[in-house]
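Enquirer: Quick one: sequence and predicted model below, then my questions.
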Amino acid sequence: MGKSNTQKVSPILSSLYAAVAFLLEVGLLFAAALAAIAYVPWPTIPAILVVVVPLLALWAVFFSPKAVVKLRLRTRLTLIHLIYLVGSYVLWLSIDRSFTEQSQIWAIAMLVLTGVSAILILATGGYVVPHDRTKPQPSPRPQPQPVGARTAQSAQSPAPARGRRAAR
């Protein structure tokens with residue numbers, strides 16, 4: 001499974017993880033929509049919107065690869081997989097309440113995909129997940145100068161010109 005020089009894992013494993021993650025995310029939305037239909041006593045469309053839109057906002061803020069709130073990789077993956085497991089259980093319950101027994105295969109498939117995702121992550125040490133692994137560089141602190149030295153310097157040389165004066 002040829003690795004390029006810049007990758008830690010094979011492109012095949014990366015694309016397999018991406019496909020599994022996509023299916024799980026769609027399955028999570030599907031589970032939320034079915035739970036809304038089964039348990040929220042409103043008309044279908046408002047019930048789905050009330051459940052799915054906050055879930056999408058939560059996912060965008062915390063769990064997407066371009067999330068606003070940056071979580072540690074282990075924390076993010078643990079929470080994501082717990083959400084997948086809860087989604088699988090919710091899908092099982094909502095199908096059990098509203099549909100036939102043969103439809104339980106979708107909840108089982110989501111549970112199996114969650115296991116495949118966890119195995120891929122554990123087998124590659126987490127490198128299959130797109131995540132910024134660069135450590136933030138601390139900004140250098142300016143050295144404090146004594147108060148007397150600063151005022152003596154400003155008295156000898158005027159402040160550099162800013163704005164239009166600097167252009168002249």
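Expert: Nice, thanks for sending it over.
Enquirer: what secondary structure does Ala36 sit in?
Expert: State at Ala36, reduced to three classes by DSSP: H, G, I helix; E, B strand; the rest coil: helix.
Enquirer: and the residue nearest the centre of the chain, what pLDDT?
Expert: Residue closest to the average C-alpha location in the chain (C-alpha atoms, centre = their mean): Phe63, at 2.2 Å. Looking at Phe63, its pLDDT reads 88.
Enquirer: tell me which element the residue nearest to it when sequence neighbours are not counted is part of?
Expert: Nearest residue to Phe63, sequence neighbours excluded (C-beta to C-beta, 6 or more residues apart in numbering): Ile80, at 5.5 Å. In this view, the C-beta of every residue, glycine as well, is placed from N, C-alpha and C. Ile80 belongs to helix 73-98 when assigned by DSSP states H and E.
Enquirer: Which other helices and strands does that helix contact?
Expert: helix 11-39, helix 105-124 (3 or more C-beta pairs under 8 Å, 6 or more residues apart in numbering; DSSP states H and E).
Enquirer: Pull out the buried residues from it.
Expert: Buried residues in helix 73-98, counted by 16 or more other C-beta atoms under 10 Å: 76-77, 80-81, 83-84, 87-88, 90-95.
Enquirer: returning to what we had before: wait, isn't the residue nearest to Phe63 in contact with Pro65?
Expert: No: if you go by C-beta atoms under 8 Å, Ile80 and Pro65 don't touch, sitting 11.1 Å apart.
Enquirer: dump the residue contacts of Leu28.
Expert: 55, 83-84, 87, 110 (C-beta atoms under 8 Å, 6 or more residues apart in numbering).
Enquirer: which residue sits closest to Gln104, ignoring its sequence neighbours?
Expert: Gln104 sits nearest to Ile95 (C-beta to C-beta, 6+ apart), 5.9 Å away.
Enquirer: which pair in the contacts of Leu28 spans the largest distance?
Expert: Maximum pairwise distance in these, criterion C-beta to C-beta, is 14.9 Å, between Leu55 and Met110.
Enquirer: Who has more neighbours out of the two?
Expert: The neighbour comparison of Leu55 against Met110 (other C-beta atoms under 10 Å) goes to Met110, with 25 against 17.
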